[in-house]
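Colleague: The following block contains a protein sequence and its predicted model.
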Amino acid sequence: MPPLPLLTVQKLTKRFGGLVAVGDVSFVVEPAEILSVIGPNGAGKTTLFNMLTGIYDPSEGSAALGQCSLIGLKPHQIVEAGLARTFQNIRLFGSMTALENVMVGRHSRTKGGFWAALLPGKLGRAEEAEILQRAYEELRFVGLESKAKQQSASLSYGDQRRLEIARALATDPKLVLLDEPAAGMNPKETGELVDLIRGIQARGVTVVLIEHDMGLVMRLSDRVVVMNFGEKIADGLPAEVRANPQVIAAYLGSSPEEAE
Amino acid sequence: MPLNKFLTKLPAPLRRYGLIGLGLLLPLLMQLTNQPSYLANIAVTVGVYMVLAMGLNIVVGMAGLLDLGYIAFFAVGAYTMAIGSAHGLNFWLALPLAGGLAAFFGVLLGAPTLPLRGDYLAIVTLGFGEIVRIALLNLGWLTNGPSGISGVPGPIVPWIGTGGLTWINLFQPVQLYYVAFGFVVCVYWITTRLKASRIGRAWIAIREDEIAAKAMGIDTVKLKLLAFASGAALAGMTGVLFASQLTFVSPDSFTLIDSVMVLSMVVLGGMGSVPGVVLGALILIVLPEVLRGFSEYRMLLFGGAMVLVMLLRPQGLWGEDQQSSPATIDLPVPSNKENVRV
């Protein structure tokens, strides 16, 4: 018997007025795989992510992480359930340092409240030390340890993208959604990103990414889901998707050669 | 601003105990002048506004919720003391009661305004401040309306006099100065610790990007209410001291201008920066007194000074610079865990 899927999405739909941004999209994500969601601009990929993370309420359909339904949960409850994300248009806490950004990521896994902040106590101090240590570990994991004390808004574009990944990983996710992680990166940075995403997979964290860089998608993905005009038009191994005439027509261009 | 650079270069204990020592000795220095009571009275007012600024700094500076009705919580605290003292409530018992009541009002204001931000929130809070002031004017049976309540006693302390142990009321400005000084030190400590904690980071995250904060697992509803409640509680407790200082409360002390004044202290000093807003309060209370000699030009100079500061240092006098955000400046790498600052 195959293991239970980590994420099950069924007939998920989002309508904005008369516009169907995402319509009847169903797919599953298996544990520890790397799944890419691709499609032309406006295909509904980010809307899909926004529904999964509780930013938008779906109009219809269901989504579940393991056994836990994500529908109707608040964004912070979804993080607690084990689903974290990054943003297409980077959303860091600009005035905070890189380190502090990652420390915020530990919020849902720690408890220190108002009084714990005020009353001196071993427990609070131990927790704060744990947060700090873990934040450094995540910065080291993405290769930003030397920039821990820099204000996050002053980091380069590529570094900001990696910082967002570190911040998401600090929430101890089972599944992390990366929204165009390679956007704006140069080829060298993209190469490092491939290693980084493989590293995330090696930690046992499942990765779903939206990406336009086809080279990266084909190199990295175990499976690919293709969307167009809000609907899923293909789902399969990278080689299968690349050969799918519907995908070629919709997205990759008119001939398979151009897909490279 | 060389002052903050200079102060941050001093070793932390020297800075801390130096300032506390200076605060304790200040009344002695005032005795050397020919108007010690006048100076001590201003110093108490400075202390009251420092606490108010630090409280509003939680709401506006850290959590980024623009509150234009903050003075209403101050009013709740002052009236709690004034009304309570007529029924035998003493200063020290009024403190937690006023803090709790103000926090309750804070949640009352916060709950319906949670989805609002920026200008919209400012308008609603402005309305709330006016509602409280007008309610104080019209609830004559409780607040004595526009004539206010007089005869508010000072803090009582035990005293060993000729007749053994007795309780005395503190009413002289120098005595109240020490109470206010204690307030400022405590609240400074509280807000600094909060800011460097998990809660403070969550507030700042909400200020910087609310959607990202939610996506990082922060319950923004709970934390915004907590910011409103804790800012309000501090204002409420300071209101108790304010009522004792003036021995009199009336709705005239709690107008929109007063809210704007506290907000100006936060903005002038540097949003989010605890030492900054303390400095802002000091300047905005002392400057008009210094300028008293210029009589009718006083407010003109005062306004001009503020415009200049905002043009030359938009982040505030002691705002958070890129490299030296006070919350992290002392954070060491975890290799020597003993020094981890929490």
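Modeller: Here it is on my side, so go on.
Colleague: And the strands in the chain?
Modeller: Just going to use chain A. Per DSSP state E, chain A carries strands over the ranges A:7-16, A:19-29, A:34-38, A:60-65, A:68-69, A:83-85, A:175-179, A:206-210, A:223-228, A:231-236.
Colleague: Chain B, not that one
Modeller: Applying DSSP E to chain B gives strands spanning B:149-150, B:156-161, B:164-169, B:248-249.
Colleague: Show residues contacting the last one.
Modeller: Contacts of strand B:248-249 with the rest of the structure, by CB atoms under 8 Å, 6 or more residues apart in numbering or on different chains, involve B:A75, B:A78, B:Y79, B:M81, B:A82, B:G148, B:I149, B:S150, B:G151, B:V152, B:F242, B:A243. Where C-beta positions appear, they are placed from N, C-alpha and C, glycine not excepted.
Colleague: need the contact list for the third one.
Modeller: Neighbour list for B:Y79: B:L136, B:T143, B:I149, B:G239, B:A243, B:V249 [criterion: CB under 8 Å, 6+ apart].
Colleague: looking at chain A, which helix or strand is least sure?
Modeller: Lowest on mean pLDDT, DSSP states H and E among the helices and strands of chain A sits helix A:256-259, with a mean of 47.
Colleague: any chance of the contacts of B:Y79 in a markdown table, with distance to B:A233 and neighbour count too?
Modeller: Shown next, in a markdown table, are those (distance: CB to CB, whole Å; neighbours: other CB atoms under 10 Å in any protein chain shown):
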| residue | distance to B:A233 | neighbour count |
| --- | --- | --- |
| B:L136 | 19 | 26 |
| B:T143 | 21 | 21 |
| B:I149 | 22 | 21 |
| B:G239 | 11 | 34 |
| B:A243 | 16 | 30 |
| B:V249 | 19 | 27 |
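Colleague: Just the closest of those to chain A, please.
Modeller: Minimum distance to chain A across those is 20.9 Å, recorded for B:G239 (CB to the nearest CB).
Colleague: Could you pull out the buried residues of stretch B:218-234?
Modeller: Neighbour counts over stretch B:218-234 (16 or more other CB atoms under 10 Å in any protein chain shown) mark B:218-220, B:223-234 as buried.
Colleague: restrict those to those near chain A?
Modeller: Restricting the buried residues of stretch B:218-234 to those near chain A by CB under 8 Å from any CB of the partner chain leaves B:I218, B:D219, B:T220, B:L226, B:S230.
Colleague: In helices, which of these fall?
Modeller: Under the assignment DSSP state H, those contribute B:T220, B:L226, B:S230 to helices.
Colleague: List the contacts of the closest residue to the last one other than its chain neighbours.
Modeller: Yep, that's B:S230 we're talking about. Leaving aside its sequence neighbours, B:S230 sits nearest to B:I58 (CB to CB, 6 or more residues apart in numbering or on different chains; 5.7 Å). If you count contacts by CB under 8 Å, 6+ apart, B:I58 has them with B:T191, B:L194, B:W203, B:A227, B:S230, B:G231, B:L234.
Colleague: rerun that using 7 Å as the cut-off
Modeller: Residues in contact with B:I58 (CB atoms under 7 Å, 6 or more residues apart in numbering or on different chains) are B:T191, B:A227, B:S230, B:G231.
Colleague: Tell me which residue in chain A sits closest to chain B.
Modeller: Closest point on chain A to chain B, by CB to the nearest CB, is A:S108, at 2.8 Å.
Colleague: That residue contacts A:Q77, correct?
Modeller: No: using CB atoms under 7 Å as the test, A:S108 is too far from A:Q77 to be in contact (9.0 Å).
Colleague: neighbour-wise, which of those two wins?
Modeller: More crowded of A:S108 and A:Q77, by other CB atoms under 10 Å in any protein chain shown: A:S108, with 23 against 16.
Colleague: circling back to that earlier point, show me just the buried residues among the contacts of strand B:248-249.
Modeller: Among these, those classed as buried by 16+ other CB under 10 Å are B:A75, B:A78, B:Y79, B:M81, B:A82, B:G148, B:I149, B:V152, B:F242, B:A243.
Colleague: Quick check: the farthest pair among these?
Modeller: B:A75 and B:V152 (13.6 Å; CB to CB).
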